[in-house]
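Asker: Dropping a prediction and its sequence here:
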Amino acid sequence: MYIRYLSRPHVPLRAGTLSLLFGGISVLSLHSTVSAQDRLYEPELIGASKIAPLQYARAETRIVAFSELEEILRAHPSLNALDLSAQANRQRAEGALGLPDPVVSLQLNNVPLFDPSLTEYLPSNKAVGIRQALPSRSEREANALKSTRQADAQELEREQQYARLRGMVLVYLIEKQSLNEQRDLAAARHAKYDELADIIDIEINASRPLVFRLAKVDVERTEVVLSLAELDGREAEINAELVNLLGFIPDTDMPRLSKTAWVGNALGFYDVRVADAAVDISDADVQRAKADFKPDWGVNLTYQQRESGKGPRSNFDGDDWVSGGVSFSIPLWAGKRQEPNLRAAKTDKQAALARRTAIARQVQSEWSRYEARRRTAVRNTQIIEQKIRAIDVQTAAQLITYEAGTGDYSSILDGEIAVLMLRAEIVKQHTLRDQMIAKMNSLLVSS
């Protein structure tokens, strides 16, 4: 074997060259693999359109009535999916009542293997048979009942989802309306701070020690600017959510909100209605398990034809005959199959009943939380309005003193700024109150 000697300086160079070569091949292979995986999940390959990063910011704003919004919302893809699933289950219910296809058989019976002929051997014959299975009518009706109840449950889920989506739209529209009011109040506060800063400048120029007050005003004015930026950011988030729900940004008048009365019946909640529909589905499973004890039937009919014999030892006449029969199953092993299945179905029904009870408690607790927050918002509004009236009285008294030639105008502006801040808080409390009403109403069955 010939071994070539390489001097030391050449070894690192050769190794480095090979390393770069194979490293480049690996990187190119990895890049092509990653690119292929990325293309596999590209939006156009899964039926979605590409969305630019700032598309939501430039989304269309459309002036519509709220009733039109409701109609648009009813075409939401999640609602269409539930509607199609319900239609599919109703079609399954129709198919469950049908009979299985008949089985037709064509036969050659008793034909000699090494000398095939239909005229040499007496038992040889041709046959045409038909067999029809007749599954238990009770079993088929139970299967149809389950599919029908599944369709009913999905239609109920569709109404529940619509109420939830409508509530979400209302919550976003309520907040968006409040953002506009808060923005106006913040702009008015900013103008008051500008006016207050001018007065403090005058006082400072008059050698009155109010420099510390000017710094505080600058800080508060900066806070107003920051709050305006936060309001703009929150509005952009709400617009993105509205585009997700509706496909555009709606410009609509808010409908009049009123709290839907709940009389204390748990079935008044959509969640409990859906859970109750699940109980009905599990009851259909119980009926299906009971029907499994009943026999399945079947009928068969066979037409046979024998040719006349030909040959010295085949002296027989041809003939035709018909055979028929009825079959049925016997639940001989019911203790090992049907009875455990029936017990399991009954246990599933008990589990569905327990889930319904748990959901009823949960949704009642959720409704009570919303109601508590609504009442708190109402009480907070009353307290704030009381405080505003007190500040208005103080400001009016200070204005009289100022017009009489004593005191300064900055204290009056401070009172007006405080009132603007409190009015912004009232807007927030009204928003919370209305949002809680929208959420409470979305839990209740409307009709």
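Answerer: Everything's here; your move. Numbers count the residues shown, from 1 in each chain.
Asker: Could I get the full set of helices for this protein?
Answerer: Taking DSSP state H as the test, the helices found in the chain are 10-40, 66-73, 77-96, 137-205, 211-246, 270-291, 338-403, 410-443.
Asker: Check which helices and strands the longest one is in contact with.
Answerer: Looking back up the chat, that one is helix 137-205. Counting contacts by 3 or more CB pairs under 8 Å, 6 or more residues apart in numbering; DSSP states H and E, helix 137-205 packs against helix 66-73, helix 77-96, helix 211-246, helix 270-291, helix 410-443. C-beta: built from backbone N, CA, C; applies to glycine.
Asker: In the second one, which residues are buried?
Answerer: Right, the one you point to is helix 77-96. 79, 82, 85-86, 89-90, 92-93, 96 (16 or more other CB atoms under 10 Å).
Asker: Check the longest one too.
Answerer: If you call a residue buried by 16+ other CB under 10 Å, then helix 211-246 has these buried ones: 213, 217, 220-221, 224, 227-228, 231, 235, 238-243, 245-246.
Asker: cool, the last one as well?
Answerer: Applying a neighbour-count criterion of 16+ other CB under 10 Å, one finds 410, 412-443 buried in helix 410-443.
Asker: Give me the contact list for stretch 178-197.
Answerer: 214, 217-218, 220-221, 224-225, 227-228, 231, 234-235, 238, 410, 413-414, 416-417, 420-421, 423-424, 427-428, 430-431 (CB atoms under 8 Å, 6 or more residues apart in numbering).
Asker: thinking Arg306 is in contact with Gly318, fair?
Answerer: Yes. Counting by CB atoms under 8 Å, Gly318 is a contact partner of Arg306 at 5.3 Å.
Asker: Compare neighbour counts for the two and give me the winner.
Answerer: Between Arg306 and Gly318, Arg306 has the larger neighbour count (other CB atoms under 10 Å), namely 22 against 12.
Asker: just to revisit the earlier point, go through the helices and strands packed on helix 137-205 and find the least confident stretch.
Answerer: Within the helices and strands packed on helix 137-205, the stretch with the lowest mean pLDDT is helix 211-246, showing a mean of 90.
Asker: what residue lies at the spatial centre of the chain?
Answerer: The centroid of the chain falls nearest to Ser78 when counting by CA atoms, centre = their mean (6.4 Å).
Asker: For that one, give its distance to Arg158.
Answerer: Computed with CB to CB, to the nearest Å, the distance linking Ser78 and Arg158 is 9 Å.
Asker: Gln305 - how many residues pack around it?
Answerer: 13.
Asker: So it sits against Gly318, correct?
Answerer: Yes. Counting by CB under 8 Å, Gln305 does reach Gly318; the two are 7.4 Å apart.
Asker: which neighbours do those two share?
Answerer: Joint contacts of Gln305 and Gly318 (CB under 8 Å, 6+ apart) do not exist.
Asker: picking up where we left off before, got a markdown table for the buried residues of helix 77-96, with distance to Tyr162 too?
Answerer: Shown next, in a markdown table, are these (distance: CB to CB, whole Å):
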| residue | distance to Tyr162 |
| --- | --- |
| Leu79 | 6 |
| Leu82 | 9 |
| Ser85 | 15 |
| Ala86 | 13 |
| Asn89 | 19 |
| Arg90 | 19 |
| Arg92 | 24 |
| Ala93 | 24 |
| Ala96 | 29 |
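Asker: Mind picking the two most distant members of those residues?
Answerer: Using CB to CB, the pair of those lying farthest apart is Leu79 and Ala96, separated by 26.0 Å.
Asker: what pLDDT does Asn125 get?
Answerer: 85.
Asker: Please apply the same query to Pro12.
Answerer: Reported pLDDT for Pro12: 45.
Asker: got the CA coordinates for stretch 153-162 in CSV?
Answerer: Output of stretch 153-162 as CSV, limited to C-alpha atoms (Å, rounded to 0.1, in the frame of the first residue of the first chain):
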residue,chain,number,x,y,z
ALA,A,153,-76.7,20.0,20.0
GLN,A,154,-74.6,21.6,17.2
GLU,A,155,-77.4,23.9,16.2
LEU,A,156,-77.6,25.0,19.9
GLU,A,157,-73.9,25.4,20.0
ARG,A,158,-74.2,27.6,16.9
GLU,A,159,-76.6,29.9,18.7
GLN,A,160,-74.4,29.9,21.7
GLN,A,161,-71.4,30.8,19.6
TYR,A,162,-73.3,33.6,17.9
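Asker: who touches that stretch?
Answerer: Contacts for stretch 153-162 (CB under 8 Å, 6+ apart): 73-74, 76, 78-79, 82-83, 85-86, 89, 270-271, 273-274, 277-278, 280-281, 445.
Asker: In the chain, where is pLDDT below threshold?
Answerer: For the chain, the stretches with pLDDT under 70 are 1-58, 121, 203-212, 311-316, 407, 447.
Asker: who touches Ile359 in this structure?
Answerer: Neighbours of Ile359 in contact, by CB under 8 Å, 6+ apart: 271-272, 275.
Asker: just to revisit the earlier point, now render the helices of the chain as TSV, adding distance to Asp253.
Answerer: Below are the helices of the chain laid out as TSV (distance: least, CB to CB, whole Å):
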stretch	distance to Asp253
helix 10-40	45
helix 66-73	7
helix 77-96	24
helix 137-205	10
helix 211-246	15
helix 270-291	27
helix 338-403	22
helix 410-443	14
